[in-house]
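K.L.:
sequence first, predicted coordinates after that:
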Amino acid sequence: MNRRHFLAQVSAMAILPTVSFAGQNPLRLRAEAVVQQILPSGNPATAMLGFNGAMPGPALRVARGAAVTIDVENGLDEGTAVHWHGMRIANKMDGVPMLTQDIINPRDTMTYVFTPPDAGTFWYHSHYISHEQVARGMMGPLIVEDDIAPDVDHDITVMISDWVLNEDGSLSDAFADMHTVAHGGYLGNYARAFLSAASVKLGDRVRFRVINAATNRIFPLAVTGANGVVVALDGMALVEPRPLTDLVLAPAQRADLIVDITGPVGFDMLLRQGAFRLADLAIEGANSERRQSPITALAPHGLPAPAAPTQHLTLTMMGGAMARGHDGDNIWAFNNLSDLPQQPFGSFSRGETVRMTLVNDTAFPHGIHLHGHHFFEVGDDDALGDLRDTTLVEAGARRDIICVFDNPGKWLLHCHMLSHAVGGMRTWVNVA
Ligand code: C2O
Ligand code: CU
């Protein structure tokens, strides 16, 4: 690979490790060093971090409403912690060192026990020096099965990330380079998607669970060879499925698609220079019982309906390159404060509905993630929009969100561009 040529084409098929957890309780994740073929075959493999010998880690498939026990063993020579991104679970299982738990030290095991309240597409990732540990590969899909699965032939996970690779296949270790932190963050020179299947049949109806696991890159996506709709965002069913156009995923965001296969499938990142192929899915045979039924919405979510907001807070993103200064003592700040302040940004009583205006007063987009809750994006018409756990706010733009804070505890609120988070764009809220 020539490093100057940003993002060479993927030639080899990338398949997610399929680990069956049937009947296994507890589940077991071992954080450890792994070697993964990231570049197309024929190029050097990459020494990185992962879980259970693989990067991405195994897809965990769990049932909604049933307690799941996951033993996380730290096989690294540094601390770690695992966050179950998007899961509305008990605060002490949220995986955030300094806020909800102690670091898991090398050779130690922490047992996470939680009951997933929502069916959908989630993921897990390191939440300790995460701008580095996630960039090195500590991520995997976390799927909460539907009570009644939609009528599809395949359920395929598509985990996308990017990496800063040297010509020998090794990862660049400039994870916290000041210049990149102050700009768009640690952005890969190579990207691809890992799929949980290698082929489908022509005419199959397929659910794709697309996860952007990149630390900083926003992916504008297109899917070829497939005709269908978006049925969920960030794990939450859309009331009305919507056309599969203008699909953009910020870091940590997910989209569930249900499509009918019309030809060889390609997942493309849309760049100014053209489409860059992230993964291919081959056609093997034809489905003789093609579905004629329209694709319908997934079962609705069970989140509480918001009441009239009792607080309206403003969170202003500040700092970075090409912006005015701020009073925080790191590169980025929220409301003039960098990094986790002593006092929470917001204090809410359990069940309170809160409106927040997220103001992006910087020269870069930010994907703002709230732990332990989903929130509604508020449209220009003031109507409740999509339910999300991470919302993308473009440079110079603002967005209102409305959240029912019904999950007690200390919850992180941060930019999921992990370079910006380590650069100071982090705060927290308290729900009591
Ligand atoms: Cu996906 Cu605070 O994390
Ligand atoms: Cu950011």
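P.N.:
Nice, thanks for sending it over. Because the structure is predicted, anything quoted here is derived from the model rather than measured. Residues are numbered from 1 along each chain as shown. Ligands and ions are numbered 1, 2, ... in the order given.
K.L.:
and the nearest residue to residue 247 once chain neighbours are set aside, which helix or strand is it part of?
P.N.:
What sits nearest to residue 247 in space, not counting adjacent residues and going by Cβ to Cβ, 6 or more residues apart in numbering, is residue 221, at 4.6 Å. No exception for glycine: its C-beta is placed from N, CA and C like everyone else's. Assessed by DSSP states H and E, residue 221 sits inside strand 219-233.
K.L.:
hang on, the earlier thing: and the residue nearest to residue 247, how many neighbours does it have?
P.N.:
For residue 221, the neighbour count with other Cβ atoms under 10 Å is 22.
K.L.:
isn't it right up against residue 245?
P.N.:
No. Checked against Cβ atoms under 8 Å, the pair residue 221 and residue 245 is beyond contact range at 10.3 Å.
K.L.:
quick check, residue 270 in a strand?
P.N.:
Yes. Using DSSP: H, G, I helix; E, B strand; the rest coil, the assignment for residue 270 is a strand.
K.L.:
and the residue nearest to it when sequence neighbours are not counted, how many neighbours does it have?
P.N.:
Once flanking residues are discounted, residue 270 sits nearest to residue 220: 4.3 Å by Cβ to Cβ, 6+ apart. Residues within reach of residue 220, counting by other Cβ under 10 Å, total 13.
K.L.:
measure residue 220 to residue 248 for me?
P.N.:
As judged by Cβ to Cβ, to the nearest Å, residue 220 and residue 248 stand 5 Å apart.
K.L.:
secondary structure class for the residue nearest to the spatial centre of the chain?
P.N.:
Nearest to the mean C-alpha position of the chain, counting by Cα atoms, centre = their mean, stands residue 252 at 2.1 Å. Under three-state DSSP, residue 252 falls in the coil class.
K.L.:
quick one: pLDDT of it?
P.N.:
The model reports residue 252 with a pLDDT of 98.
K.L.:
residues in contact with the residue nearest to it when sequence neighbours are not counted?
P.N.:
Spatial nearest neighbour of residue 252, chain neighbours left out: residue 416 (4.2 Å); criterion: Cβ to Cβ, 6+ apart. Residue 416 makes contact with 250, 251, 252, 367, 368, 369, 390, according to Cβ atoms under 8 Å, 6 or more residues apart in numbering.
K.L.:
surely the fifth one meets residue 413?
P.N.:
Same thing as residue 368. Yes. Residue 368 lies in contact with residue 413 (Cβ under 8 Å); the separation is 7.0 Å.
K.L.:
quick one, the helix or strand residue 262 falls within and strand 219-233 angle?
P.N.:
Element membership for residue 262, per DSSP H and E: strand 254-271. Calculated by axes from the mean of the first three to the mean of the last three Cα atoms, to 10 degrees, strand 254-271 forms an angle of 160 degrees with strand 219-233.
K.L.:
list the buried ones in strand 254-271?
P.N.:
Residues of strand 254-271 classed as buried by neighbour count (16 or more other Cβ atoms under 10 Å): 254-261, 265-269.
K.L.:
export it as PDB, just CAs?
P.N.:
Extracted in PDB, the C-alpha atoms of strand 254-271 (Å, rounded to 0.1, in the frame of the first residue of the first chain):
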ATOM      1  CA  ARG A 254     -25.700   2.800  14.000                       C
ATOM      2  CA  ALA A 255     -28.300   2.200  11.300                       C
ATOM      3  CA  ASP A 256     -30.400  -0.900  10.700                       C
ATOM      4  CA  LEU A 257     -31.300  -1.500   7.100                       C
ATOM      5  CA  ILE A 258     -33.800  -4.000   5.600                       C
ATOM      6  CA  VAL A 259     -33.200  -4.500   1.900                       C
ATOM      7  CA  ASP A 260     -33.900  -6.900  -1.000                       C
ATOM      8  CA  ILE A 261     -30.800  -8.000  -2.700                       C
ATOM      9  CA  THR A 262     -30.700  -7.000  -6.400                       C
ATOM     10  CA  GLY A 263     -27.100  -7.800  -7.200                       C
ATOM     11  CA  PRO A 264     -23.600  -8.000  -5.700                       C
ATOM     12  CA  VAL A 265     -23.700  -5.800  -2.600                       C
ATOM     13  CA  GLY A 266     -21.100  -3.100  -2.000                       C
ATOM     14  CA  PHE A 267     -20.800  -0.800   1.000                       C
ATOM     15  CA  ASP A 268     -19.300   2.500  -0.200                       C
ATOM     16  CA  MET A 269     -18.000   5.500   1.600                       C
ATOM     17  CA  LEU A 270     -18.800   8.500  -0.500                       C
ATOM     18  CA  LEU A 271     -15.800  10.800  -0.800                       C
END
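K.L.:
for the stretch 51-200 of the chain, which segments count as helices?
P.N.:
130-133, 178-182 (DSSP state H, counting those that start in this stretch).
K.L.:
just checking, what packs against the strand holding residue 262?
P.N.:
If contacts are counted by 3 or more Cβ pairs under 8 Å, 6 or more residues apart in numbering; DSSP states H and E, strand 254-271 sits against strand 120-126, strand 199-202, strand 205-212, strand 219-233, strand 274-286.
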